[in-house]
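[1] model the structure of this input:
(2 chains)
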Amino acid sequence: MKIAIIQFGGTNCDMDVLHVLKDVVGVDAETVWYKEENLTGFDGVVVPGGFSYGDYLRAGAIAARTPIMDSVKKIAAEGKPVLGICNGFQILTEARLLEGALTTNEYPKFRCHWTNLRVETANTPFTSKFRKGEVIRLPIAHMEGKFYTEEPTLAELDENDQVVFRYVDEKGRATDKANPNGSLENIAGIVNASRNVLGLMPHPERASEAILGSDEGRKIFESMADYITENF
Amino acid sequence: MQYQATVTIEQKAGMLDPEGTTAKRALGHLGYAVESVKTAKKYEIVLEAESAEVAKQKVDEMCQKLIANPIIHNYTIELKELN
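    Numbers count the residues shown, from 1 in each chain, chains lettered A, B, ... in the order given. Predicted structure coming up:
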């Protein structure tokens, strides 16, 4: 098994993801520069966080239109797991691999702090190691994280069980106060209709070892690795 | 023929415009009573095309593919011929 971690100009969470995959989860992973157009030989992709291309135009807009994204789309079409974190989530929505858009936070500031998240479904290649309804802690670090989409898409995401994470308080309630950016229905992460592409604003790679304050993010990478072992 | 297209990108109705809201409040502090303030982004694109129609069609494509995000934006295109 080998997982590709895509690097664009301005990506800055690539090495954290590489460390977690190789040293913590113990699977083979490699960083791939965006000019590389071929992802043959890879069984999964992580699009990590950062500020690709200075967030010019819109966060993720330029990266989404680089040639390597055609290969990422191919990997996704093959049913292999594709995980977008923070800027990676923004890139996947701009590339139309995921529904909706990430827009400027309701209180238009960069927000960097821990959040509580409720796992809304264990039925994805990324959350099979969680229990539905479980509350986990992951940090956020973004200014454009407000999830927005028009109806009927929002209702469809709910109906099809595509909402994977919601911002909640410590008791697991999706309140306005627990919503750090004004995301519709407290949405923090979604999957595509075929469930093998996940985007989320919080950073699981920054919470994959107890020494960092939480290791609950690790299960996302472990679930992804299990899924690849079982299917590819 | 050379054309200059002025593309104005606005947030769709109902979307939050924090910059506009903040500017409105600051204008209030200065004593101006304004109904609303909306921000927009402007792009000026110069291109060669056989006709105004073709130029406009190309710029519209550019907006759809890159300049705007149709999920959150409305846009308008104004075209003028350059000499």
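
[2] quickly find the element holding B:Ile71.
    If you go by DSSP states H and E, B:Ile71 is not part of any helix or strand.

[3] looking at it, it is touching A:Phe147, isn't it?
    No: contact criterion C-beta atoms under 8 Å: B:Ile71 and A:Phe147 do not qualify, at 11.0 Å. (Each C-beta comes from the backbone N, C-alpha and C, glycine too.)

[4] overlap in contacts, these two.
    A:100-101 (C-beta atoms under 8 Å, 6 or more residues apart in numbering or on different chains).

[5] of these two, which one has the most company?
    A:Phe147 (29 against 18; other C-beta atoms under 10 Å in any protein chain shown).

[6] which parts of the chain are strands?
    Just going to use chain A. Applying DSSP state E to chain A gives strands spanning A:2-7, A:28-33, A:44-47, A:82-85, A:101-103, A:111-119, A:135-142, A:146-148, A:163-168, A:187-191, A:197-200.

[7] correction: the question concerned chain B.
    Here chain B has its strands, by DSSP E, at B:2-11, B:41-48, B:73-82.

[8] now those strands in JSON lines, please, with extra columns for mean neighbour count and mean pLDDT.
    Output for the strands of chain B, formatted as JSON lines (neighbours: other C-beta atoms under 10 Å in any protein chain shown; pLDDT from 0 to 100):
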{"stretch": "strand B:2-11", "mean neighbour count": "17", "mean pLDDT": "96"}
{"stretch": "strand B:41-48", "mean neighbour count": "13", "mean pLDDT": "97"}
{"stretch": "strand B:73-82", "mean neighbour count": "14", "mean pLDDT": "96"}
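
[9] now those strands in TSV, with distance to A:Ser194?
    Output for these, formatted as TSV (distance: least, C-beta to C-beta, whole Å):
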stretch	distance to A:Ser194
strand B:2-11	31
strand B:41-48	34
strand B:73-82	27
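
[10] pick out the residue of chain B closest to chain A.
    B:Pro18 (3.9 Å; C-beta to the nearest C-beta).

[11] residues near that residue, how many?
    B:Pro18 has 17 nearby residues by other C-beta under 10 Å.

[12] wait, what's in contact with A:Trp114?
    Counted by C-beta under 8 Å, 6+ apart, A:Trp114 has contacts A:137-140, A:213-214.

[13] if we can go back for a sec, go through the strands of chain B and name the closest to A:Ala29.
    With C-beta to C-beta as the criterion, A:Ala29 lies closest to strand B:73-82 of the strands of chain B, at 35.9 Å.

[14] who in chain B is up against chain A?
    Within chain B, the positions near chain A by C-beta under 8 Å from any C-beta of the partner chain are B:15-16, B:18-19, B:22, B:65-67, B:69, B:71-72.

[15] mind picking the two most distant members of those residues?
    Once C-beta to C-beta is applied, those give B:Thr22 and B:Lys65 as the farthest pair, at 31.2 Å.

[16] chain A: helices as residue ranges?
    Ranges of helices in chain A, per DSSP state H, are A:14-19, A:68-77, A:87-94, A:153-159, A:218-231.
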